[in-house]
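> using only what follows, build the 3D model:
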Amino acid sequence: MRARHLAPLLCAAALAVSGCGAGSSAGRRVASGAAPPSRLQARLLAARLPVALAGESALASGGRLLVIGGLQSDGSSSDAIIALDPRTGASRQQGTLAQPTHDAAAASLGGHQLLFGGGQTASYSGVEELGAQGGRLVGSLPAPRSDLAAATVGARAYLLGGYDGATLASDVLATEDGRRFDRVARLPVPVRYPAVATLAGRVYAFGGERSSGRPTDAIQRIDPQSGRAQVAGALPAPVDHAAALALGGRVFVLGGAIGGAPSSGILSFDPRSGRVRAAGRLPLALDDSAAVSSAGRGYLIGGIGGDSANSDRIVELTPQR
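Presented below is the predicted three-dimensional model:
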């Protein structure tokens, strides 16, 4: 836990990223001969969150962004589900969670929107399904887990990284319904606060915090079909509390904490060559943000800025070739 986060909380803010079909659509674009994007154009939207948040989760739903839970500026966990239209800036609260949380992981799965784990003053094991009236508990993880990430590949959601309050979780869990879980792989470098995205049917984890409390530069690749997990490359510098998105055949790593300070960097990762390159800059330095894609664009939501304060800003990310 970094010093600037409030002492009463067990977990510092994290992010949850869901791939939500990015792998298959990106694969079709690359196969059709379209050049993958090399950069992201980043701009601040006029729209803002109704409250500054860090460590929230996010999903895309019907053209809107769902912003779920998060760490509020007073150090408490939010139970709000906020539906935000990035085109108009209109937002409304779409019910509440069964339990306030931050550091959770969200995924869309078979038409259902699920929230896994997270915590408040301790790590949770609960799984919530989100509906028009809010969240309801529908299942339980094999053990409490916060600071984790989720990604969807096909009909399964994969949960990786995280912390149970005492030790880091190395096992990668898979579920088709949020009720039953299989252990399908083990991370070679156990971490919490990783940035995670899916591409071409594989799950990639970038950086994260190790058991020593220090970030890693490892890029880890999980193949859900074979159950093999391996280190597939390295970032230019160790980073944790970053976000990641797959857009147009590339994975982009957004912001994060480098040397304990928020970064404005955007990196692109080419899974075919393993190369990592600079791919633009955010309009402000951020870590502990949530990232989500919708209609071919990415959005980086909330987080902690260079002034160590929670942010209510939303950054729109447009691929550039």
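> what about residue 211, neighbour count?
Neighbourhood size, residue 211 [other Cβ atoms under 10 Å]: 11. The way it works is simple: take the backbone N, C-alpha and C, and place the C-beta from them, glycine included.
> what are the boundaries of the strands in the stretch 1-150 of the chain?
For the stretch 1-150 of the chain, the strands defined by DSSP state E, counting those that start in this stretch occupy 39-53, 57-61, 64-68, 80-84, 91-96, 105-109, 112-116, 126-131, 134-140, 149-153.
> and residue 295, which of those is closest to it?
When the strands of the stretch 1-150 of the chain are compared by Cβ to Cβ, strand 57-61 sits nearest residue 295, at 8.2 Å.
> tell me what the closest one is packed against?
Contact here means 3 or more Cβ pairs under 8 Å, 6 or more residues apart in numbering; DSSP states H and E; on that basis strand 57-61 packs against strand 64-68, strand 105-109, strand 112-116, strand 290-294.
> and the strands of the stretch 1-150 of the chain as CSV, adding distance to residue 185, mean pLDDT and mean neighbour count?
CSV is the format used below for these (distance: least, Cβ to Cβ, whole Å; pLDDT from 0 to 100; neighbours: other Cβ atoms under 10 Å):
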stretch, distance to residue 185, mean pLDDT, mean neighbour count
strand 39-53, 29, 96, 17
strand 57-61, 22, 96, 23
strand 64-68, 26, 96, 25
strand 80-84, 31, 97, 22
strand 91-96, 34, 94, 15
strand 105-109, 16, 96, 25
strand 112-116, 17, 97, 25
strand 126-131, 20, 97, 21
strand 134-140, 21, 97, 17
strand 149-153, 12, 97, 28
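> could those strands go into JSON lines alongside distance to residue 294?
Putting these into JSON lines (distance: least, Cβ to Cβ, whole Å) gives the following:
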{"stretch": "strand 39-53", "distance to residue 294": "13"}
{"stretch": "strand 57-61", "distance to residue 294": "4"}
{"stretch": "strand 64-68", "distance to residue 294": "7"}
{"stretch": "strand 80-84", "distance to residue 294": "11"}
{"stretch": "strand 91-96", "distance to residue 294": "15"}
{"stretch": "strand 105-109", "distance to residue 294": "11"}
{"stretch": "strand 112-116", "distance to residue 294": "14"}
{"stretch": "strand 126-131", "distance to residue 294": "16"}
{"stretch": "strand 134-140", "distance to residue 294": "21"}
{"stretch": "strand 149-153", "distance to residue 294": "14"}
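> can you tell which of those is closest to residue 205?
Residue 205 lies closest, by Cβ to Cβ, to one member of the strands of the stretch 1-150 of the chain: strand 149-153, at 7.1 Å.
> quick one: list the elements packing against the closest one.
strand 105-109, strand 156-160, strand 195-199, strand 202-206.
> can you give me the angle it makes with strand 57-61?
Interaxial angle of strand 149-153 relative to strand 57-61 (axes from the mean of the first three to the mean of the last three Cα atoms, to 10 degrees): 30 degrees.
> now strand 149-153: how far from the chain's centre is it?
9 Å (Cα atoms, centre = their mean, to the nearest Å).
> that strand versus strand 112-116: what angle between them?
Relative orientation of strand 149-153 versus strand 112-116 (the same axes, to 10 degrees): 150 degrees.
> re the thing from before, now, of the helices and strands packed on strand 149-153, which is deepest in the fold?
strand 195-199 (a mean of 30; mean count of other Cβ atoms under 10 Å).
> ok, which of the helices and strands packed on strand 149-153 comes nearest residue 43?
Using Cβ to Cβ, the helices and strands packed on strand 149-153 put strand 195-199 closest to residue 43, at 20.8 Å.
> what's in contact with that closest one?
15, 17, 19, 22-23, 26-27, 149-153, 160-161, 203-208, 239, 242-246, 249-254, 256, 271, 291 (Cβ atoms under 8 Å, 6 or more residues apart in numbering).
> thinking again about what came up before, who wins for proximity to residue 220 among the helices and strands packed on strand 57-61?
Of the helices and strands packed on strand 57-61, nearest to residue 220 by Cβ to Cβ is strand 105-109, at 16.0 Å.
> and the angle from the closest one to strand 290-294?
For strand 105-109 against strand 290-294, the angle by the same axes, to 10 degrees is 20 degrees.
> list the contacts of strand 105-109.
16, 18, 20, 57-61, 66, 68, 113-118, 148-152, 155-157, 159, 162, 175-178.
> before we move on, the earlier item: quick one: closest of the strands of the stretch 1-150 of the chain to residue 304.
Closest among the strands of the stretch 1-150 of the chain, using Cβ to Cβ: strand 39-53, at 9.4 Å.
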